[in-house]
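Chemist: Kindly return the folded structure for what I paste below:
(2 chains)
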There are 2 protein chains.
Amino acid sequence: MTVVENTFSEKNVAYYFDASFSYLDEIVERDNTILITDENVFELHQQKFDDWKTIVIKAGEEHKHQATVDFIINRLIELEADRKTFIVGVGGGVVTDITGYAASVYMRGLKFAFVPSTILAMVDAAIGGKNGVDVGLYKNLVGLIKQPEFILFDYSLLQTLPNEQWVNGFAEVIKHACIKDAMLFSVLEKYSLNDFRKDPLLLAELIEINVTIKTAIVVIDEFEQADRKLLNFGHTIGHAVENLHHILHGHAVSIGMVAACNLSEQINGFHFEEAIRIVKLLTKYHLPVDIETEYEKVFEVLKMDKKRIKNEVNFILLNKIGEAVIKSVKLDDLHKHLKEIL
Amino acid sequence: MTVVENTFSEKNVAYYFDASFSYLDEIVERDNTILITDENVFELHQQKFDDWKTIVIKAGEEHKHQATVDFIINRLIELEADRKTFIVGVGGGVVTDITGYAASVYMRGLKFAFVPSTILAMVDAAIGGKNGVDVGLYKNLVGLIKQPEFILFDYSLLQTLPNEQWVNGFAEVIKHACIKDAMLFSVLEKYSLNDFRKDPLLLAELIEINVTIKTAIVVIDEFEQADRKLLNFGHTIGHAVENLHHILHGHAVSIGMVAACNLSEQINGFHFEEAIRIVKLLTKYHLPVDIETEYEKVFEVLKMDKKRIKNEVNFILLNKIGEAVIKSVKLDDLHKHLKEIL
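Modeler: As a prediction, the model looks like this:
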């Protein structure tokens, strides 16, 4: 196990890499702690939850809404949670997002931590303190930025991860490579998903690189005034198609990244050959690169994107692989381009 | 008008004392701003809301719950609020509490400000950044601490305040005197409620003194680790009887202060004569000093008080008028005392 201390604003967040779930007992007081997980994770790892007070929520993005927060709040009341109660979210991105949010508002804020159980949560969702829920079609419309006390990485949890969730997680890995790390992009071109699934050391290294990329960005720009916006590469159009079509987040981000590459070609001088490399890499990792959709509906959802300011949307475009830039795009222009780029 | 700048943590909060509602136009951009108020305030001051985008919520503590937050979120979506939208809560404590909360979680946080319209909101609720909603019988169980950008005090709004709301607000004024300011206590003994209602200068002075007392406490202890807890004097038992009996907050706090005075006599050496002065002052300001209630039900609600840590509740007791202290009281002991003190 390696322990890394990170400082966000004035808060220290410890990362326990290559740790075991059972190490939780060393970090928190069991009597004082409530775990939050979903039905899937609970069934797959039931013995791990023995003797821990646990709140089990329904699994899936469609339950990432206020009603689930209300359910958690009522369970916390029943369990007589007080201001010294410690909350640990064990699961994928939906569990970590909703746990961070519910913990942050119960009694005006309990301390919390995460044990991510998917690639996506390990490399992205659990990192950086963004939490919240969807409102109808609008992703993460309600929430907060608040950092956990620690994140414990137990790679053995990935053994039960279904195939589609491996694919799902690699979209964010490829995103990190596209916006920040051309070397990582080459590594991903060299290996395959199967290589990472079969080689625990290679996988551990990959996860730690990705955690480091995201953390480095968030530490310098926790409240998304500048560099943190780059992490939204592929997420503007991605979020719109995700909830319209009820597809996996990684699939949506993959489609969104291809659209953003196309827009980068049209208005940012991004090279066609590099766009092709990205499409190839996404395909190699079994990610979809387009979708049949209704452009007008996508546009309606885009208008409510959190990155919209009046009639412009901040769009993340690529200069080249490994280097991204923020460009303000007028809603009208986006409307015109939408049919060609998607 | 006087402008006072206060610094909470790293945030500046401006107070515009003795200002006019119309001065809002000088501080915020009308196009970019959404007002939130309740039906009562909206009907009484309809002309003030002309040409402002306004969300009108139902009036009363019974609507201070998540459903009203959900309503506000949906109205913000309809009004296409984005991250640059500025929110101003205009109303009493329910409006300011719920506005601060909804604004803080919409798109992970919009900037907001308050125009308090009641004595209670001016001297207490609008100050200090605590916001949130009730969950069933549990007062303010869900919420955050986040400071507004500014507070604008327009005393003319008090002209339409019903009599019972004047009485309601003076409970917190008397509380401030009890815990921090023996001089203010004497001033309150000298004058009557009618004197303050008839003399605008006297009233303005009283409000500014109270704002200053509360702000001074919150500035040094925003996150309630120490001194800020003193402001809960009368609120532990007060909150319990408030929602059990659906009485006004000030009435509940008055009953809670008398109970806390009795407990102070029993376990903190507080003098009987001083307790009598407090009961007399509350009665002079038309506040109730006892209630017919079921002790066991009060105790059940007390067990979920946010100030409970495991089997103890932090109780605010008096040493003398103008000086309060925090004492940890075992739930069992509280149970025993409850019948005598209430």
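
Chemist: for residue A:264, what are its contacts?
Modeler: Taking C-beta atoms under 8 Å, 6 or more residues apart in numbering or on different chains, we find residue A:264 in contact with A:270, A:275, A:317-319. Just so you know, the C-beta spots here come from the backbone N, C-alpha and C atoms, and that holds for glycine as well.

Chemist: Mind doing that once more with 10 Å?
Modeler: With C-beta atoms under 10 Å, 6 or more residues apart in numbering or on different chains as the criterion, the residues that contact residue A:264 are A:233, A:257, A:270-271, A:274-275, A:278, A:315-320, A:324-325, A:327, A:341.

Chemist: So which of those residues are in helices?
Modeler: Judged by DSSP state H, the contacts of residue A:264 include A:257, A:274-275, A:278, A:341 as members of helices.

Chemist: Quick one: mean pLDDT over the strand or helix carrying residue A:88.
Modeler: Under the criterion DSSP states H and E, the helix or strand holding residue A:88 is strand A:86-91. Along strand A:86-91, the predicted local confidence has a mean pLDDT of 98.

Chemist: Kindly report the same for stretch A:61-68.
Modeler: Taken as a whole, stretch A:61-68 has an average pLDDT of 96.

Chemist: Show me which positions of it end up buried.
Modeler: Residues of stretch A:61-68 classed as buried: A:61, A:63-66, A:68 (neighbour count, 16 or more other C-beta atoms under 10 Å in any protein chain shown).

Chemist: Can you name the element that comes right after the helix or strand where residue A:48 lies?
Modeler: If you go by DSSP H and E, residue A:48 is part of helix A:46-49. From helix A:46-49 onward toward the C-terminus, using DSSP H and E, the following helix or strand is strand A:53-57.

Chemist: From the contact counts, what lies against that following strand?
Modeler: Packed against strand A:53-57 by the contact rule (3 or more C-beta pairs under 10 Å, 6 or more residues apart in numbering or on different chains; DSSP states H and E) you find strand A:33-38, helix A:39-44, helix A:46-49, helix A:66-78, strand A:86-91, helix A:93-105.

Chemist: Any residues of the stretch 51-200 of chain A in contact with chain B? List them.
Modeler: For the stretch 51-200 of chain A, the contact set with chain B under C-beta under 10 Å from any C-beta of the partner chain comprises A:65-67, A:69-70, A:73-74, A:76-77, A:80-85, A:101-102, A:104-109, A:129-133, A:135-138, A:140-146.

Chemist: Give the ChimeraX command for selecting the buried subset of those.
Modeler: Listed next is the ChimeraX selection for buried residues among these, using 16+ other C-beta under 10 Å:
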select /A:65,66,69,70,73,76,77,81,82,83,85,101,102,104,105,106,107,108,109,129,130,131,132,133,135,137,138,140,141,142,143,144,145,146
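
Chemist: Can you report how many residues neighbour residue A:332?
Modeler: 10 (other C-beta atoms under 10 Å in any protein chain shown).

Chemist: Quick check: the gap between it and residue A:302.
Modeler: 12 Å (C-beta to C-beta, to the nearest Å).

Chemist: same question, residue A:34
Modeler: Relative to residue A:302, residue A:34 is positioned 38 Å away (C-beta to C-beta).

Chemist: Checking my notes, residue A:80 in a helix, right?
Modeler: No: secondary structure assignment (DSSP: H, G, I helix; E, B strand; the rest coil) places residue A:80 in coil, not in a helix.

Chemist: wait, doesn't it sit right on residue B:304?
Modeler: Yes: using C-beta atoms under 10 Å as the test, residue A:80 is close enough to residue B:304 to be in contact (7.2 Å).

Chemist: ok, residue A:167 touching residue A:288?
Modeler: Yes: checked against C-beta under 10 Å, the pair residue A:167 and residue A:288 is within contact range at 9.4 Å.

Chemist: contacting residues around the lowest-mean-pLDDT helix or strand in chain A?
Modeler: Within chain A, confidence by mean pLDDT, DSSP states H and E is lowest for strand A:308-309 among all helices and strands, at a mean of 83. Contacts of strand A:308-309 from elsewhere in the structure, counted by C-beta under 10 Å, 6+ apart, are A:236, A:302, A:314, A:328, A:331, A:334, B:80, B:82-85, B:107.

Chemist: for residue A:305, helix, strand, or coil?
Modeler: Following three-state DSSP, we place residue A:305 in the coil state.

Chemist: Please work out how many residues are found near it.
Modeler: Taking other C-beta under 10 Å as the criterion, the count of residues near residue A:305 is 22.

Chemist: And the one 5 residues further on, by the same measure?
Modeler: When neighbours are defined as other C-beta under 10 Å, residue A:310 has 13 of them.

Chemist: Which residues are in contact with it?
Modeler: Going by C-beta under 10 Å, 6+ apart, residue A:310 touches A:330-331, B:31-32, B:80, B:82, B:84-85.

Chemist: contacting residues for the residue most central in space within chain A?
Modeler: In chain A, the C-alpha nearest the mean C-alpha coordinate belongs to residue A:125, at 2.9 Å (C-alpha atoms, centre = their mean). Contacts for residue A:125 were tallied using C-beta under 10 Å, 6+ apart; they are A:89, A:91-97, A:100, A:114, A:116, A:118, A:131, A:169, A:172, A:214, A:249.

Chemist: mind redoing it with 6 Å?
Modeler: For residue A:125, the contacting residues are A:93, A:96, by C-beta atoms under 6 Å, 6 or more residues apart in numbering or on different chains.

Chemist: ditto for residue A:226
Modeler: With contacts taken as C-beta under 6 Å, 6+ apart, residue A:226 has no neighbouring residues.

Chemist: can you tell me how far it sits from residue A:314?
Modeler: Shown here: residue A:226 relative to residue A:314, a distance of 11 Å by C-beta to C-beta.

Chemist: In terms of pLDDT, where does residue A:305 sit?
Modeler: Per-residue pLDDT puts residue A:305 at 81.

Chemist: Against residue A:337, how distant is it?
Modeler: Applying C-beta to C-beta, the value for residue A:305 to residue A:337 is 15 Å.

Chemist: Determine the number of other residues adjacent to the residue lying closest to residue A:63 once chain neighbours are set aside.
Modeler: Excluding its sequence neighbours, the residue lying closest to residue A:63 (C-beta to C-beta, 6 or more residues apart in numbering or on different chains) is residue A:57, at 6.5 Å. The burial count assigned to residue A:57 is 25, neighbours taken as other C-beta under 10 Å.

Chemist: Go ahead and confirm residue A:57 touches residue A:38.
Modeler: Yes: under the criterion of C-beta atoms under 6 Å, residue A:57 makes contact with residue A:38 at 5.2 Å.

Chemist: what's the spacing between stretch A:268-284 and its chain's center?
Modeler: A distance of 22 Å separates the centroid of the chain from that of stretch A:268-284, by C-alpha atoms, centre = their mean, to the nearest Å.

Chemist: hey, C-alpha coordinates of it in PDB?
Modeler: Taking Å, rounded to 0.1, in the frame of the first residue of the first chain, the C-alpha atoms of stretch A:268-284 are listed here in PDB:
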ATOM      1  CA  ASN A 268      -9.500  25.200 -33.900                       C
ATOM      2  CA  GLY A 269      -7.200  23.900 -36.600                       C
ATOM      3  CA  PHE A 270      -7.000  20.400 -35.100                       C
ATOM      4  CA  HIS A 271      -5.400  17.900 -37.500                       C
ATOM      5  CA  PHE A 272      -7.600  15.400 -39.200                       C
ATOM      6  CA  GLU A 273      -4.900  12.700 -38.700                       C
ATOM      7  CA  GLU A 274      -5.000  13.200 -35.000                       C
ATOM      8  CA  ALA A 275      -8.800  13.000 -34.900                       C
ATOM      9  CA  ILE A 276      -8.500   9.700 -36.700                       C
ATOM     10  CA  ARG A 277      -6.000   8.400 -34.000                       C
ATOM     11  CA  ILE A 278      -8.500   9.300 -31.300                       C
ATOM     12  CA  VAL A 279     -11.400   7.600 -33.100                       C
ATOM     13  CA  LYS A 280      -9.200   4.500 -33.600                       C
ATOM     14  CA  LEU A 281      -8.200   4.300 -30.000                       C
ATOM     15  CA  LEU A 282     -11.800   4.700 -28.800                       C
ATOM     16  CA  THR A 283     -12.900   1.900 -31.100                       C
ATOM     17  CA  LYS A 284     -10.000  -0.300 -29.900                       C
END
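
Chemist: That'll do, ta.
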